[in-house]
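**Student:** Have a look; sequence and predicted model below, questions after that.
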Amino acid sequence: MNEEGEALVEQATDAIRRFEPLFSVEQRRLHADKLGLAAGSDQAAPLMEALESQMHQGRMDMTATFDALTQYASSLSDEHREALLALTMQPDELSTWLDTWQQEQVANQDGERFTAMRHANPVIIPRNHRVQEVIDAAYDGDFAPFHTLLAVVTKPFDESVEARRFAAPATENEQVLRTFCGT
């Protein structure tokens, strides 16, 4: 390799080395926000790792889980806790995780934490089954469902009756198993 090529490789390698610490800092901040913890919390990464494991093992929907966790953080009511536990196939394991999270979350609480948590965890995402419903209605000449869905997904962190109606994961009968680039 010539000197110019070696210099380019060295520059690229240096950029990659600088990226990892920047990525780690941003990932820690995002994890803390999603969990309602202070940005500098040492528990954000291990709690997130444990929750990701719980979501995988309990077959939990990620968006629904973080939204339910945000609702639970807003009031810590039994009703919200039960709604969160209903999302998993392993409620005992998730309950143990929630106890640990709750201790850390309460210790990290300040006025900005819940706001950061709500802004890190959308109420709604454009789910495939809802997009398919909109496409099917459009084929029939009805564009109202499109406009309704567009209105809620462009404000994914806002609470509304419509957002809640569209937010639910697909039931077994609603699953869209084949999508295309346009969806």
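**Tutor:** On my side now, so go ahead. Numbers count the residues shown, from 1 in each chain.
**Student:** Quick one: name whatever helix or strand follows the helix of greatest length in the chain.
**Tutor:** In the chain, taking DSSP state H as the definition, the longest helix is helix 3-35. Using DSSP states H and E, the helix or strand that follows helix 3-35 in sequence is helix 44-57.
**Student:** Dihedrals phi and psi, Thr171?
**Tutor:** phi -80, psi 170 (degrees, to the nearest 10).
**Student:** distance of it from Leu94?
**Tutor:** 21 Å (Cβ to Cβ, to the nearest Å). For the C-beta atoms, the positions are set from N, CA and C on the backbone; glycine is no exception.
**Student:** How about Lys34?
**Tutor:** Taking Cβ to Cβ, one finds Lys34 at 16 Å from Leu94.
**Student:** Between these two, point out the one with more neighbours.
**Tutor:** Leu94 (25 against 21; other Cβ atoms under 10 Å).
**Student:** Which strand or helix spans the more buried one?
**Tutor:** Going by DSSP H and E, Leu94 is in helix 91-107.
**Student:** tilt between that helix and helix 44-57?
**Tutor:** Inter-element angle recorded for helix 91-107 and helix 44-57: 160 degrees (by axes from the mean of the first three to the mean of the last three Cα atoms, to 10 degrees).
**Student:** after helix 91-107, next one along is what?
**Tutor:** helix 113-120.
**Student:** Tell me which other helices or strands that next one touches.
**Tutor:** helix 3-35, helix 62-75 (3 or more Cβ pairs under 8 Å, 6 or more residues apart in numbering; DSSP states H and E).
**Student:** How about Met48, nearest residue that isn't a chain neighbour?
**Tutor:** His31 (4.2 Å; Cβ to Cβ, 6 or more residues apart in numbering).
**Student:** Next: Gly40.
**Tutor:** Ala32 is the one closest to Gly40 (Cβ to Cβ, 6+ apart), at 7.7 Å.
**Student:** End to end on stretch 122-131, go ahead and measure it.
**Tutor:** Length of stretch 122-131, first residue to last, Cα to Cα, to the nearest Å: 17 Å.
**Student:** burial of the residue nearest to Gly40, as a residue count?
**Tutor:** Neighbours of Ala32 (other Cβ under 10 Å): 24.
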